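Undergrad: sequence and computational prediction follow.
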Amino acid sequence: MPKSITKADMVESLLVRLPKKSKINRKQLKKIVESILNLLIEGIQKDGLVMLTGFGKFECRAKAQRLGHNPKTDEALLLPARNVVTFRVSKKFREELNLATDV
């Protein structure tokens, strides 16, 4: 099973890629990563859509109320309407991803 990437992993990866003379430290980089993620959240909450060219788009969609069931007891229950965030990968990213796995 693939390992997921955490915010800490992102910070470490970015830290390694910075030039040696860079004056940005781990703590500052962590704030930058968190700020970027907060911008994504704010954009989705405000506009319902965040597009990152060459990467993909995050979109907020409304899901209607529906009938579900508890798998443990098989009891029927009503699931409330809610908003969900979906992600669609860009064509460019999808092509690059498929090139990387065609080895």
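TA: Perfect, I can see it now. Numbering: from 1, shown residues only.
Undergrad: residue ranges of each domain in the chain, please.
TA: What automatic domain parsing lists as the domains of the chain is 1-45, 48-103.
Undergrad: close enough to count as contact, Ala76 and Arg66?
TA: No: if you go by Cβ atoms under 8 Å, Ala76 and Arg66 don't touch, sitting 11.1 Å apart. Yep, even glycine has a C-beta here, placed from its N, CA and C like the rest.
Undergrad: all helices of the chain, in order?
TA: Using DSSP state H, the helices of the chain run over residues 7-17, 26-47, 91-101.
Undergrad: which among those is found nearest to Asn83?
TA: helix 26-47 (9.2 Å; Cβ to Cβ).
Undergrad: who does the closest one touch, helix- and strand-wise?
TA: helix 7-17, strand 49-52, strand 56-63 (3 or more Cβ pairs under 8 Å, 6 or more residues apart in numbering; DSSP states H and E).
Undergrad: next, Ile5: phi, psi?
TA: phi -100, psi 130 (degrees, to the nearest 10).
Undergrad: count the residues that sit near it.
TA: Counted with other Cβ atoms under 10 Å, the neighbours of Ile5 add up to 9.
Undergrad: cool, and Met10?
TA: For Met10, using other Cβ under 10 Å, the count is 17.
Undergrad: for this protein, which spans come out with low pLDDT?
TA: Along the chain, the model assigns pLDDT under 70 to residues 101-103.
Undergrad: rerun that using 90 as the cut-off
TA: The chain contains residues with pLDDT under 90 at 1-3, 20, 22, 97-103.
Undergrad: pull the CA atoms of stretch 69-84 into PDB?
TA: Written as PDB, here are the backbone C-alpha positions of stretch 69-84 (Å, rounded to 0.1, in the frame of the first residue of the first chain):
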ATOM      1  CA  HIS A  69     -28.100   1.800   6.000                       C
ATOM      2  CA  ASN A  70     -25.900   0.800   8.900                       C
ATOM      3  CA  PRO A  71     -23.800  -2.100   7.600                       C
ATOM      4  CA  LYS A  72     -23.400  -3.500  11.100                       C
ATOM      5  CA  THR A  73     -27.100  -3.700  11.900                       C
ATOM      6  CA  ASP A  74     -28.500  -3.300   8.400                       C
ATOM      7  CA  GLU A  75     -30.800  -0.600   9.900                       C
ATOM      8  CA  ALA A  76     -32.100   1.900   7.400                       C
ATOM      9  CA  LEU A  77     -31.200   5.600   8.100                       C
ATOM     10  CA  LEU A  78     -31.600   8.900   6.400                       C
ATOM     11  CA  LEU A  79     -28.300  10.500   5.400                       C
ATOM     12  CA  PRO A  80     -28.500  14.300   5.500                       C
ATOM     13  CA  ALA A  81     -27.700  16.600   2.500                       C
ATOM     14  CA  ARG A  82     -24.100  17.800   2.600                       C
ATOM     15  CA  ASN A  83     -21.300  19.400   0.600                       C
ATOM     16  CA  VAL A  84     -18.400  17.300  -0.600                       C
END
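Undergrad: cheers, nothing more for now.
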